[in-house]
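> With the input below, show me the fold.
(one chain, ligands or ions: 1)
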Amino acid sequence: MAGDHVGDHDGPIQPPASFVEGANVTEDLREQFEREGPDAWSRAADTLDWSEPYDEVLRERDGALRWFDGGRLNASYNCVDRHLADRKNHVAIRWEGTTGESRTYTYLDLYHEVNEAAAGLRSLGVEAGDVVTLYMPVMPELPVVMLACARLGALHNVVFAGFSADELAERLDGTGSEYLVTCDGYYRRGTAVNQKNKADNARMAADHDVETVVVTRLDDDLYLSDDHVDYGELLDDHAGATVDPVERAADDPLFVIYTSGTTGEPDQVVHTTGGYLSYVTWTGESVLDIKPSDTYWCAADVAWITGHSYMVYAPLALGTTTLLYEGAPDQSEKDRLWELVERHRVDVFYTASTVVRAFVKWGEEHPAAHDLSSLRLLGTVGEPIDPRTWTWYREHVGGGDAPVVDTWWQTETGGILVSTLPAVDPMKPGAAGPPLPGHEVSVVDYTGDPVETGEPGHLAVTEPWPGMPRGLAEAAVADDWTYVTSDRAVVDGDGYVTFLGREDDTVAVGDTAYGPATLESAVIEVGGVAEAAVVESETAGEKAVAYVCTERDRQGDDALRARIENHVADRLGPTARFEAVIFTPELPKTHSGKIMRRLLSAIADGEEYGDTSALRNPETVGEIETVSRDD
Ligand code: WT7
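Predicted structure coming up:
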């Protein structure tokens, strides 16, 4: 029996008139999609400039679905060159480093450096179809080299800078990548990391030779042996060079990226030039409401799909200013992000829901200390956001009236797939929203049959979309194709999807199976609680254990424990009892900000949890208590 249900939302919240007035998309496009079917996706293609128009929006050819088949384009042209006529002096990238430095690139600056980098890479032998691996923190050279690859028709393969030499070597081998662009080092939470050293170890471990370019981030007098190329010298050697954008077919690959592997092994995903770029640009315009005049900020790492789609490709294709921040949200002060919002008059702010829960933990005085009135729209991604955190975000960051979009998507989907359209759809805190126009989803049981409305099951996407990766475009030619995700969800009578968590994180409480989000959301409703993770513990007899972080000024004591237990029983029924409620200063999170529930479950049972290199905060693991039989 599954106990997840919907219906606890505090009534739908209408989009505020002040927002609707200026929004990019103010009509419900669902009708248009119903009338025209997939042809309505021409809207997405129309956000781009094509050097050769496409013949058909969607067709099947040679064993795969092809979006915008026959069309040709170049992604770097769309993100850079096409803005030169109107806005060459407009800021494209505003970068803030961790040690007080900042840099600004206008679209013209970006054009020059992307061209020189493309000419430099070409001189090293990079051609269309080659894979170039990038291994850098959030610094301007990262998007510059991504766009230089795109200009040449080469695929980038961005590897998170915090990954180890082994992880880098696996990704060099897995993609057969013969080129690597890295940096000498960078500061991670104030400590200098020798990135080049890790890159060198990976090169030695790789099964083939890897030509390596090194960008200087720390040391201007860096000595490079002659089997490295200095990025600065490479640019100097090609000063003023221009490279014609290489025309790509719509479904030629744009890049390869590995899934984050929170559950299971990381997989390669290949996104296309025309389908992916149209899809992220269209969702950036319609969901994130990005306007060219905005300062837009997605606070994430460029290495994840969130960064590819909504720090680089969508904002630059739309000609806006994208703010890139190198550090962690509390590096080095807990109001660092709000100081940046105030200083740059940020219009749209998008971040992970787990980061928002950290804001709650740190306290409302931090956003309150800054003028955040420039913020027009807020977004979250990555994990479900419970109603209490959603409301806190809108209240303390969004001035009480900014719409909040809870965007569900995956590395595989390329861009946002379930979310409200901020000027069209009412918001229901806790529910991500309906599928975007053009999409259909269904909730299915483990045999693949649809369940009743209001019943939990697995979320399945049943129609193709332009941002689908190459592998899915091939699978989708089958008659009975649907894409079943590993997420559990419930759809309500209005078609709104509430996400319950990943299927392998399901927790039994009494006789009832719950998605962790349902239980955690109930715990977070208790005053004084900032974050919670509920996992199953074997020691506790396959029962649920709640790990809880309190707000900064609150004590995790027996009184609070009792309030949590009573509230959860009120919410979910008297049999909904945790075996233990354990207070902890932090929850273990992946580099991309997801709670590592499996690891937490192993910690609860005092098991060997092995390698913690996938964690952002491995130092906290030792501080987390295990479940004792007396609890
Ligand atoms: C998984 C995908 C999407 C880009 C960042 C993560 C979870 C993502 C939400 C949301 C509930 C969410 C899902 C999904 N997820 N957004 N708004 N509500 N869950 O990409 O690393 O591929 O992770 O993140 O479980 O399957 P990813």
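> CA atoms for contacts and neighbours, from now on please.
OK.
> got the CA positions of stretch 62-80 in CSV?
Provided in CSV are the C-alpha atoms of stretch 62-80 (Å, rounded to 0.1, in the frame of the first residue of the first chain):
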residue,chain,number,x,y,z
ASP,A,62,16.6,5.8,-40.5
GLY,A,63,15.4,4.3,-37.2
ALA,A,64,15.1,7.5,-35.1
LEU,A,65,12.8,10.4,-34.5
ARG,A,66,14.3,13.5,-36.1
TRP,A,67,13.4,17.0,-34.8
PHE,A,68,13.7,19.8,-37.4
ASP,A,69,15.1,17.4,-39.9
GLY,A,70,16.9,19.0,-42.9
GLY,A,71,17.6,22.1,-40.8
ARG,A,72,21.2,23.3,-40.3
LEU,A,73,22.6,25.6,-37.7
ASN,A,74,25.5,26.4,-35.4
ALA,A,75,25.1,26.8,-31.6
SER,A,76,27.9,29.2,-31.1
TYR,A,77,26.5,31.4,-33.9
ASN,A,78,23.2,31.4,-32.1
CYS,A,79,24.7,32.2,-28.7
VAL,A,80,27.2,34.8,-29.9
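> What residues sit buried inside it?
64-69, 71-80 (16 or more other Cα atoms under 10 Å).
> Please list the members of those residues that lie in strands.
Of these, the ones assigned to strands by DSSP state E are 64-69, 72-73.
> tell me which of the residues you listed is nearest to Asp267?
Here the nearest of those to Asp267, counting by Cα to Cα, is Ala64; it sits at 20.0 Å.
> So what sits opposite that closest one in the bridge?
Arg61 (DSSP bridges).
> Got the confidence number for it?
Predicted confidence (pLDDT) for Ala64: 97.
> which residues touch it?
If a contact means Cα atoms under 8 Å, 6 or more residues apart in numbering, then Ala64 has 473-477 as its contacts.
> Need the ones in strands among the buried residues of stretch 62-80 in a markdown table (columns: distance to the ligand).
Converted to a markdown table, those look like this (distance: Cα to the nearest ligand atom, whole Å):
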| residue | distance to the ligand |
| --- | --- |
| Ala64 | 23 |
| Leu65 | 22 |
| Arg66 | 23 |
| Trp67 | 22 |
| Phe68 | 24 |
| Asp69 | 26 |
| Arg72 | 27 |
| Leu73 | 25 |
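> Run through the strands of the stretch 51-200 of the chain in chain order.
56-61, 64-69, 72-73, 91-96, 102-106, 131-135, 155-158, 179-183, 186-188, 191-193 (DSSP state E, counting those that start in this stretch).
> any idea of the angle the second one forms with strand 56-61?
This means strand 64-69. Angle, strand 64-69 to strand 56-61, by axes from the mean of the first three to the mean of the last three Cα atoms, to 10 degrees: 150 degrees.
> before we move on, back to that, and Val25, which of the strands of the stretch 51-200 of the chain is closest to it?
strand 56-61 (21.3 Å).
> now the closest one, how far from the chain's geometric center?
29 Å (Cα atoms, centre = their mean, to the nearest Å).
> List the buried residues in that strand.
57-58.
> Go ahead and name everything in contact with that strand.
38-39, 41-42, 65-70, 477.
> host element of Arg388?
Using DSSP states H and E, Arg388 sits in helix 387-396.
> Distance from that helix to the middle of the chain?
Relative to the chain's own centre, helix 387-396 is displaced by 20 Å; criterion: Cα atoms, centre = their mean.
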